[in-house]
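sequence unknown, structure follows:
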C-alpha cells in the first residue's frame, strides 16, 4: 500500500528531483551546529501562530462592544479556548525570541557574506514583520493594558520628523486610538502582515535551500578528511523535528502554568495605569529613549533617539555591505565586537526596563 501511494505521488507531483536533492544535501557538523536549528524553530512557532490564530478567529469579533467580550468568551466558555489563546500569546513571544537568536547566530558566524546577502536582507525584513505582527495583535483583546500601550507606541512613532505624524494617523486611522484603530490593527494582523510575511518567508526558504547551509570559516579550514557533516535528510530533519517537539512541550507548560491574562476592558476615558510598558522586544528602545536629554542642540532628545535607532537599524540591515571588503577566510573582529555590544545593550536596557 505504501509503495502504491509513493508511486501515485511520484507520477503526479514529480517529487523525485526533490528527494534526490534532499538526499545529497549535507549540513556541516561542528561545535556550533546547534545554532542551525533556530531558524527551523522560528518556522515551527510561526506555524503554531497561524494554526492557533485561525482557531481564535472562529470566535473573535473586532469592535468596541465585541472585541473584549469575544476574547472573554473564548477563555471562559469555549472548550480549551484559554489554552489556545495562551499558546498563541506565548508562541508569539518565543517566535520573536527565536528570530533574534537566529539573527545573531547568523551575524557571529558571518553567514551573511557573499553570496548570502539576500538571505540576510530577507531575514531582517521578516524580523521587522514579526515585531509588527506582535504590535498589531497586542491591541486586539481591547483591554486596558493593550489600549494604553498602543497609545504610547503610536505616539513614539509620531516623533519621527516629517513622516511620523502621517504614519501615526494611518495606524490609528485618526488622531486618537479608537475602535477604528482596532479595526485597522485587526486587518494588519490577520491579513496584510501575514500575506507579506508568507511571501518573503517563501523567498527566504528558497534562498536557504538553493545556497545550502553556511559553512563556517573554521570548518572550511580543516583538512578535507576531518570535515564532518550529516545528511540533511533524514538526519538533520529528524533532529529538527525533535527540537520542535521539545518547543511544543515548552509551549504547553508555559500556557498551562502561566495562562495569558485578559485584564479589564479598555476605557479610553480612564487614566492610564502606572507602569505602562511595551512588549519586551520593544522595551530596550523604550528604556533607552528615557536617557536622552530633553534637547541635543536644536533637536529634541526624543527625536534624536528615534533617529539614532533608525540609523542603527539601517546599519544593521547593511552589514553585508560594510563587511563586504573583508577577504574570504579573514575574521573581522570589529563585527564581533559590534555584535557583542548590541547584545549587551539590548539585555541591559531590557532588564532595567523590566525592573523600573
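Okay, I see it. All values derive from a computational prediction rather than experimental measurement. Numbers count the residues shown, from 1 in each chain.

switch to C-alpha atoms for all contacts and neighbour counts from now on
Noted.

what's the closest non-adjacent residue to residue 106?
In space, and not counting its chain neighbours, residue 106 is closest to residue 112: 6.6 Å by Cα to Cα, 6 or more residues apart in numbering.

what sits against that neighbour?
By Cα atoms under 8 Å, 6 or more residues apart in numbering, the contact list for residue 112 reads 106, 119-120, 319-320.

How about residue 247?
Taking Cα under 8 Å, 6+ apart, we find residue 247 in contact with residue 41.

Tell me which helix or strand residue 230 sits in.
strand 229-231 (DSSP states H and E).

Quick one: residues in contact with that strand.
Contact with strand 229-231 is made by 23-29, 236, as judged by Cα under 8 Å, 6+ apart.

Which of the residues you listed fall in strands?
Mapping the contacts of strand 229-231 onto strands (DSSP state E) picks out 26-28.

which one is residue 15 nearest to, not counting chain neighbours?
With sequence-adjacent residues excluded and distances taken as Cα to Cα, 6+ apart, residue 15 is closest to residue 9, at 7.4 Å.

before we move on, what SS does the one you found have?
Secondary structure, DSSP: H, G, I helix; E, B strand; the rest coil: residue 9 is helix.

isn't it right next to residue 2, touching?
No: Residue 9 is not in contact with residue 2 according to Cα atoms under 8 Å; the separation is 10.7 Å.

one step back: I'd like the next helix or strand past the strand holding residue 230.
In N-to-C order, the element after strand 229-231 by DSSP H and E is helix 237-257.

Report the central residue of the protein.
Of all residues in the chain, the one closest to the mean position by Cα atoms, centre = their mean is residue 96, 3.3 Å from it.

Residue 222 versus residue 27, what's the distance?
15 Å (Cα to Cα, to the nearest Å).

So which of these two has more stuff around it?
Using other Cα atoms under 10 Å, the more surrounded residue of residue 27 and residue 222 is residue 27, with 19 against 11.

I'd like to know the beta-bridge partner residues of the more buried one.
Residue 27 forms beta bridges with residue 230, as assigned by DSSP bridges.

All the strands of the stretch 151-300 of the chain, residue numbers only.
Secondary structure of the stretch 151-300 of the chain (DSSP state E, counting those that start in this stretch): strands at 229-231, 295-296, 299-300.

Relative to the last one, what are the paired strands and their orientations?
As defined by DSSP bridges, the strand partners of strand 299-300 come to strand 295-296 (antiparallel).

Fine, thanks again, bye for now.
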